[in-house]
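A.B. asks: whatever this is, show me its structure:
(one chain, ligands or ions: 1)
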Amino acid sequence: MTARVIDGKAFAARLRDRIADHAHAFEERAGRKAGLAVVLVGEDPASEVYVRSKARATVEAGMASFEFKLPADAAEAELLDRIAKLNADPAVDGILVQLPLPRHMNEDKVIAAIDPNKDVDGFHVVNAGRLAVGQHGFVPCTPLGCLMLLKDQLGSLEGLDAVVIGRSNIVGKPMAALLTRENATVTLAHSRTKDLPDVVRRADIVVAAVGRPGMVRGSWIKPGAIVLDVGINRVEGEGGKTRLVGDVAYDEAKEVAGAITPVPGGVGPMTIAVLLRNTVVSAYRREGLDLPKDAI
Ligand code: GUN
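C.D. replies: Below you'll find the model as predicted:
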């Protein structure tokens, strides 16, 4: 059997269309556009590409994009001052500070300065806490995108065995919390997990987010399982060209899995779409307008 290939790019495009409808409806009701502010410190080329794509997608969805660039040697106080201004600005519904930050800045301190009700990345400890105890808050974009793909594939996740590989604050931990909320039975595995292949073999759902190219082998996958590959690893391919590969040995796993996300074009495109979703949800909340539950 060959796995169904989950087309994250097409799914994300449909999601962005729905978000654009809600963004236009918001503008009619609130008399202003929903707004996302993105702050970039320094000139990391990959970060510059991400920030540009976020800004373009924001405008395409009918929202306002506010971009701020600070030099790599800017003082941390300057960034904190910018965040304070954005917290106070009524036109700003979402604030994203692009990570990683230069080494002289304390990421925890910077994230803590963002108003949790504008923290569309879901990185603030208040939002991590809300997710952990089951309150409404912002959920990090990549794991929320993974959950949307899973629910689209499976409908209910109730009672299924899920294994998340990787325990980062941005993907692994929130992913485990979301799967738990959906009544899956969740194992959060990581680099020190004993007998990882056997742990993964039990899973109906595998989410790989470790950052090690091709680590999850086809022989680890239970036949028919759903495999989501969050890894984005640059490796040297033929002729010295770099190419992107995931954390899953795709060619092997697709012969065993029931469904699998490719890299690129699987989970990746979901991240920006969910960022736009979180921003429009924030705009509705901040204006006291109701967005139908599960609308997006
Ligand atoms: N750097 C890489 N991905 C992300 C993300 O989703 N949010 C932020 N703020 N920085 C990132």
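
A.B. asks: only C-alpha atoms for contact and neighbour calcs from this point on.
C.D. replies: Fine.

A.B. asks: what's the burial count for Phe66?
C.D. replies: Using other CA atoms under 10 Å, Phe66 has 18 neighbouring residues.

A.B. asks: doesn't it fall inside a strand?
C.D. replies: Yes. Assigned with DSSP: H, G, I helix; E, B strand; the rest coil, Phe66 falls within a strand.

A.B. asks: can you report how many residues lie near Thr242?
C.D. replies: Residues lying near Thr242 (other CA under 10 Å) number 12.

A.B. asks: in the sheet, who's paired with it?
C.D. replies: The partner list for Thr242 in beta bridges (DSSP bridges) reads Glu236.

A.B. asks: quick check: pLDDT value at it.
C.D. replies: Turning to Thr242, the model gives it a pLDDT of 92.

A.B. asks: residues contacting it?
C.D. replies: Residues near Thr242 by CA atoms under 8 Å, 6 or more residues apart in numbering: Arg234, Val235, Glu236.

A.B. asks: out of the residues you listed, which are buried?
C.D. replies: With neighbours counted using 16 or more other CA atoms under 10 Å, the contacts of Thr242 contain no buried positions.

A.B. asks: make CSV from the residues you listed and add pLDDT to it.
C.D. replies: CSV is the format used below for the contacts of Thr242 (pLDDT from 0 to 100):
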residue, pLDDT
Arg234, 93
Val235, 94
Glu236, 92
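
A.B. asks: say whether the ligand is contacted by the helix or strand harbouring Met270.
C.D. replies: In this structure, Met270 sits in helix 268-286 according to DSSP states H and E. No. Helix 268-286 does not reach the ligand (CA under 6 Å from any ligand atom); its nearest approach is 6.8 Å.

A.B. asks: distance from that helix to the middle of the chain?
C.D. replies: Its chain's C-alpha centre and that of helix 268-286 lie 10 Å apart, by CA atoms, centre = their mean, to the nearest Å.
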